[in-house]
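S.K.: Here is a sequence with its predicted model. Questions after.
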Amino acid sequence: MSSRFVAGMTVADALAACARVNGDGIAVTLDALGESVTTEAEARRNGAVYHDLLDAIAAQKLNANVSLKLTQMGMDFDPALAESIVGELVAHAARVDSFVRIDMEGSAFTEATIAIAERLNARAGCQGRVGTVLQAYLFRTESDAERLLRQGIRIRLCKGAYKEPPEIAFPLKAEVDANYVKLAQRLTTSGVFCGIATHDEAIVEKLLAFVRQNGVEKSAFEFQMLYGIRRDLQRRLAKLGFGVRVYVPFGPEWYPYFMRRLAERPANVLFLLKNFLKS
């Protein structure tokens, strides 16, 4: 089952999967799984993996970029170290004409993640080379989106996979879905290229109708999905001429990573099982 959703253990495995996905006319974000390291040595090793990825993407001319988590880079124990490591990666991405996405983690990291993305994007030569993720189930996300859009920072919009309390997040799926559609409509018409990350076909259809009715160019945004999930929908959207990007996770940390995600939010289990049975 894991091989359906994880590309493999090594950088070579990830690059091979990337080439296969690119063959279907679909872009990729490579994601070396891992989080919550406890030493500087671990953080720097993780950073080195991403430097290797950026160089390999450029050398092999793959249609890909990279995605990382701040806690992979030491955010839990040394935020300055994490920002330094990610800053070096963003500068590297600028040199090789690529892009770094800083993934969003639990709500305890929301403000710090946004602030780091802002500071790195403001560095000379790094504008447009770094973006982050916003989660539609948080009440604060609408204002966060406006904040990032004013600075031209690219957003990946997802529903959210962490368990959050009702004081800060919409508790009902219908509320999350409604907020997601509202935010996605704002992003697709913002003038800032953004990623609409969803596997929900009902939401996809609403957005397709919206962009047709409002004359939104297909080049204004891209759909983003996870490796191995709704491959049929990925290919259909690509054939319609929309940009599609697949997140391809890999690495030896896949097992603890997925177990933590499944344990903290049981809905994630149902999501994976349902999609394992789809093409």
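M.R.: Here it is on my side, so go on.

S.K.: which regions of the chain sit below the pLDDT cut-off?
M.R.: Residues of the chain that meet the criterion pLDDT under 70 lie in 1, 257, 260-272, 275-279.

S.K.: Longest strand in it, by number of residues?
M.R.: strand 243-250 (DSSP state E).

S.K.: roughly how far out does that strand sit from the chain middle?
M.R.: A distance of 8 Å separates the centroid of the chain from that of strand 243-250, by Cα atoms, centre = their mean, to the nearest Å.

S.K.: show me where the stretch 101-250 of the chain has helices.
M.R.: In the stretch 101-250 of the chain, the segments counted as helices under DSSP state H, counting those that start in this stretch are 110-121, 141-150, 173-188, 201-213, 231-239.

S.K.: List the buried residues of the longest one.
M.R.: Spelled out, that is helix 173-188. Val176, Asp177, Asn179, Tyr180, Val181, Leu183, Ala184, Gln185, Arg186, Leu187, Thr188 (16 or more other Cβ atoms under 10 Å). The way it works is simple: take the backbone N, C-alpha and C, and place the C-beta from them, glycine included.

S.K.: Tell me how many other residues crowd Arg4.
M.R.: For Arg4, the count of nearby residues is 12 (other Cβ atoms under 10 Å).

S.K.: Quick check: closest non-adjacent residue to it.
M.R.: Gly228 (4.3 Å; Cβ to Cβ, 6 or more residues apart in numbering).

S.K.: tell me the phi and psi of that neighbour?
M.R.: phi 80, psi 0 (degrees, to the nearest 10).

S.K.: okay, now it: neighbour count?
M.R.: Counted by other Cβ under 10 Å, the residues lying close to Gly228 total 22.

S.K.: Would you confirm that it contacts Phe5?
M.R.: Yes - using Cβ atoms under 8 Å, Gly228 is in contact with Phe5, at 4.4 Å.

S.K.: Great, nothing more from me.
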